[in-house]
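> Requesting a structural model of the entry that follows:
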Amino acid sequence: MRRLRNVKIVATLGPASSDKETIRALFEAGADVFRLNMSHGSHDEIRERHAIIREIERETGRPIGILADLQGPKLRCGTFARGEEELEEGQGFRLDLDPAEGDATRVCLPHEEIFAALEPGANLLVNDGKIRLKVERCGKDFADCTVIAGGTISNRKGVNVPDVVLPLAALSDKDRKDLDFVCALGVDWLALSFVQRVEDVEEARALAAGRAAILSKIEKPAAVKAYDAILAASDGIMVARGDLGVELPVQNVPPIQKRLVRGARMAAKPVIVATQMLESMIESPMPTRAEVSDVATAIYEGADAVMLSAESAAGDYPVEAVQTMNNVAIEVESDTTYREVIEASRSVARESVADAIVSAAREIAETTDIKAICCFTHSGTTATLVARERPRVPIIALTPLTGAARRLCLTWGTFCELTGEVERFKMAVVSAVRATRDRGFADETDMIVVTAGIPFNVPGSTNILRVAPCDERLIFKGEPE
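Numbers count the residues shown, from 1 in each chain. As a prediction, the model looks like this:
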């Protein structure tokens with residue numbers, strides 16, 4: 001199952017895509033990683049979907065990545081005596097800790113931590129930013145606000161607090177239980193919602209205890225400000241434009257997206273662009289031109305992956321949405337402008353022997369007739385370093401570890417192949433040649449580049465490069481055994 005593109009596709013599973021037939025169709029249409037949204041679905045439903053993915057993986061013989069997306073702390077207002085009220089621009093409105101049902105003048109906001117952090121002048125956003133309140137006065141149990149943008153407020157609508165860092169952990173009690181459940185189940189990636197500070201990532205990593213890689217969702221202004229530290233502490237990044245577009249002016253999101261993608265690429269860590277990519281395909285078999293352009297922009301920026309949310313989880317056309325994303329990716333990557341943009345934005349990283357090896361591999365592949373770069377990797381680091389170079393030829397990542405192969409399903413341009421433990425470089429080259437030929441990347445007349453680390457099976461030891469013929473008889477011709 002060889003993809004004809006480098007960017008990866010993440011598809012969210014849900015009510016519209018919970019049976020084996022549909023999940024298999026999504027994989028065949030182009031999904032490389034499946035997202036399990038812990039905000040929806042019971043543990044039994046999540047367990048069933050996980051089992052189906054692993055069954056398809058066994059049947060197809062191809063590694064499939066699974067990303068569990070933790071819900072994060074949800075801030076919501078209380079209920080109203082009449083179910084809803086209409087707030088007018090300029091009127092006063094109070095949020096407090098009184099559990100009594102609300103009216104047109106007040107409602108309960110059952111989160112002491114919000115009042116502890118609020119200051120006069122701060123903005124509060126209700127119902128995905130449709131209602132905007134400005135804090136005039138506040139105390140430990142209340143906030144008197146002026147309605148800046150009015151509208152209908154109803155029971156348990158979400159509340160965003162963009163202007164302050166809340167004294168909230170990114171992991172709620174529910175998240176901690178979900179984290180332990182999915183790690184025991186065997187997911188490959190954990191997406192951490194509403195990250196505000198590097199400590200949030202460190203807490204999740206300690207709880208995961210090496211059972212899954214940590215991917216931080218950047219969806220808070222505080223996370224944008226602390227991005228460098230969060231990136232350094234994370235294994236991957238998601239540009240979660242939903243809440244980011246609520247808490248920041250929408251015109252700020254595109255340049256922030258470019259900066260976040262560029263930073264993750266420089267750090268050789270996978271980055272997903274997510275939210276509303278093909279939103280109209282929830283109800284329509286065809287996307288809008290603007291949505292196609294949005295997907296294309298993320299691909300031109302060099303994102304490792306693009307993601308479908310409700311389109312594949314709850315929409316009427318989940319398979320068509322994946323097919324559309326796949327077709328857009330193939331078309332964009334065949335454009336000569338794509339290579340020009342990718343290469344112009346390539347960062348030069350020569351801080352280690354491994355950096356130099358992968359850079360040399362890419363340069364050799366682009367100046368000679370090389371068909372693929374094959375890298376032996378234990379932890380996946382070598383493959384991500386090669387992917388950072390965004391070479392023009394396929395990257396074949398060979399690893400003895402199933403978990404590493406699954407995690408690399410999120411990394412740009414990588415084709416993952418499970419192999420046995422290798423002790424000698426000669427056998428590494430032979431294994432690379434056989435994998436390249438067996439999967440149709442080259443034939444006996446072609447050449448490949450092989451990178452590896454000696455001693456073998458030691459993470460982060462990439463220190464050797466070889467240009468090898470794909471004819472096994474010629475690999476070490478004239479050399480001593």
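
> Next one: the spatially most central residue of the chain from residue 472, what distance?
Residue closest to the mean C-alpha point of the chain, counted by Cα atoms, centre = their mean, is residue 272 at 3.6 Å. According to Cβ to Cβ, to the nearest Å, residue 272 and residue 472 sit 39 Å apart. Quick note: C-beta positions are derived from backbone N, CA and C, even for glycine.

> for the stretch 101-250 of the chain, what spans make up the strands?
106-108, 123-126, 131-139, 142-149, 151-154, 159-160, 189-192, 213-218, 236-240 (DSSP state E, counting those that start in this stretch).

> Reformat the ones you listed as a markdown table; add mean pLDDT.
Formatted as a markdown table, the strands of the stretch 101-250 of the chain follow (pLDDT from 0 to 100):
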| stretch | mean pLDDT |
| --- | --- |
| strand 106-108 | 97 |
| strand 123-126 | 94 |
| strand 131-139 | 96 |
| strand 142-149 | 96 |
| strand 151-154 | 95 |
| strand 159-160 | 91 |
| strand 189-192 | 98 |
| strand 213-218 | 98 |
| strand 236-240 | 97 |
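
> Save the ones you listed as CSV, and put in mean neighbour count too.
CSV is the format used below for the strands of the stretch 101-250 of the chain (neighbours: other Cβ atoms under 10 Å):
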stretch, mean neighbour count
strand 106-108, 22
strand 123-126, 22
strand 131-139, 17
strand 142-149, 18
strand 151-154, 16
strand 159-160, 20
strand 189-192, 27
strand 213-218, 25
strand 236-240, 27
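
> Nearest to residue 46, out of these?
strand 189-192 (13.1 Å; Cβ to Cβ).

> Touching the closest one from outside, list them.
33, 35, 65-70, 72, 170-171, 179, 182-183, 200-201, 204, 208, 212-217, 235-236, 238, 407, 410 (Cβ atoms under 8 Å, 6 or more residues apart in numbering).

> Can I get that strand in PDB, CA atoms only?
This file holds the C-alpha atoms of strand 189-192, laid out as PDB (Å, rounded to 0.1, in the frame of the first residue of the first chain):
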ATOM      1  CA  TRP A 189       0.300   9.300  20.100                       C
ATOM      2  CA  LEU A 190      -1.300  11.300  22.800                       C
ATOM      3  CA  ALA A 191      -2.700  14.700  21.800                       C
ATOM      4  CA  LEU A 192      -2.800  17.100  24.800                       C
END
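
> From the chain's centroid, how far away is that strand?
Its chain's C-alpha centre and that of strand 189-192 lie 8 Å apart, by Cα atoms, centre = their mean, to the nearest Å.

> List the strands paired with it, with their directions.
strand 65-69 (parallel), strand 213-218 (parallel) (DSSP bridges).

> can you list those in JSON lines and add distance to residue 248?
Below are the strands paired with strand 189-192 laid out as JSON lines (distance: least, Cβ to Cβ, whole Å):
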{"stretch": "strand 65-69", "distance to residue 248": "21"}
{"stretch": "strand 213-218", "distance to residue 248": "11"}
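
> by contact count, what packs against the top helix by length along the chain?
The helix that spans the most residues within the chain, counting by DSSP state H, is helix 43-60. In terms of contacts (3 or more Cβ pairs under 8 Å, 6 or more residues apart in numbering; DSSP states H and E), helix 43-60 is packed against helix 20-29, strand 33-37, strand 65-69, helix 173-185.

> Quick check: which of these is buried the most?
strand 65-69 (a mean of 26; mean count of other Cβ atoms under 10 Å).

> Now do the longest helix of the chain against strand 65-69, angle only.
Interaxial angle of helix 43-60 relative to strand 65-69 (axes from the mean of the first three to the mean of the last three Cα atoms, to 10 degrees): 170 degrees.

> so residue 197 makes contact with residue 165?
Yes: Residue 197 is within contact range of residue 165, at 7.0 Å (criterion: Cβ atoms under 8 Å).

> List the buried residues of the longest helix of the chain.
46, 49-50, 52-53, 56-57 (16 or more other Cβ atoms under 10 Å).

> For residue 299, see how far away residue 448 is.
26 Å.

> tell me the domain ranges of this structure?
Split into domains by automatic domain parsing, the chain comes to 8-73+170-335, 84-160, 353-474.

> would you list those domains in a markdown table and tack on distance to residue 1?
Shown next, in a markdown table, are these (distance: least, Cβ to Cβ, whole Å):
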| stretch | distance to residue 1 |
| --- | --- |
| domain 8-73+170-335 | 5 |
| domain 84-160 | 38 |
| domain 353-474 | 9 |
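
> Among the ones you listed, show the one with the smallest mean pLDDT.
Across those, domain 353-474 has the smallest mean pLDDT, namely a mean of 90.

> Endpoints of it, how far apart?
In domain 353-474, first residue to last residue: 28 Å (Cα to Cα, to the nearest Å).

> just stretch 242-251 next, same as before
Using Cα to Cα, one end of stretch 242-251 lies 13 Å from the other.

> Show me what counts as buried in it.
Neighbour-count burial for stretch 242-251 flags 243-248 (criterion: 16+ other Cβ under 10 Å).

> all helices of the stretch 251-400 of the chain, in order?
253-266, 289-300, 310-313, 318-333, 336-344, 353-367, 381-388 (DSSP state H, counting those that start in this stretch).

> looking at those, which is closest to residue 78?
helix 310-313 (26.7 Å).

> what's near enough to touch residue 70?
Applying Cβ under 8 Å, 6+ apart, the residues contacting residue 70 are 38, 171, 175, 178-179, 190-193, 204.

> give me that answer again for 10 Å
Residues near residue 70 by Cβ atoms under 10 Å, 6 or more residues apart in numbering: 37-39, 170-172, 174-176, 178-179, 182, 190-194, 204, 217.

> Tell me the spacing between the nearest residue to it once chain neighbours are set aside and residue 230.
Excluding its sequence neighbours, the residue lying closest to residue 70 (Cβ to Cβ, 6 or more residues apart in numbering) is residue 175, at 4.6 Å. Per Cβ to Cβ, residue 175 is found 17 Å from residue 230.
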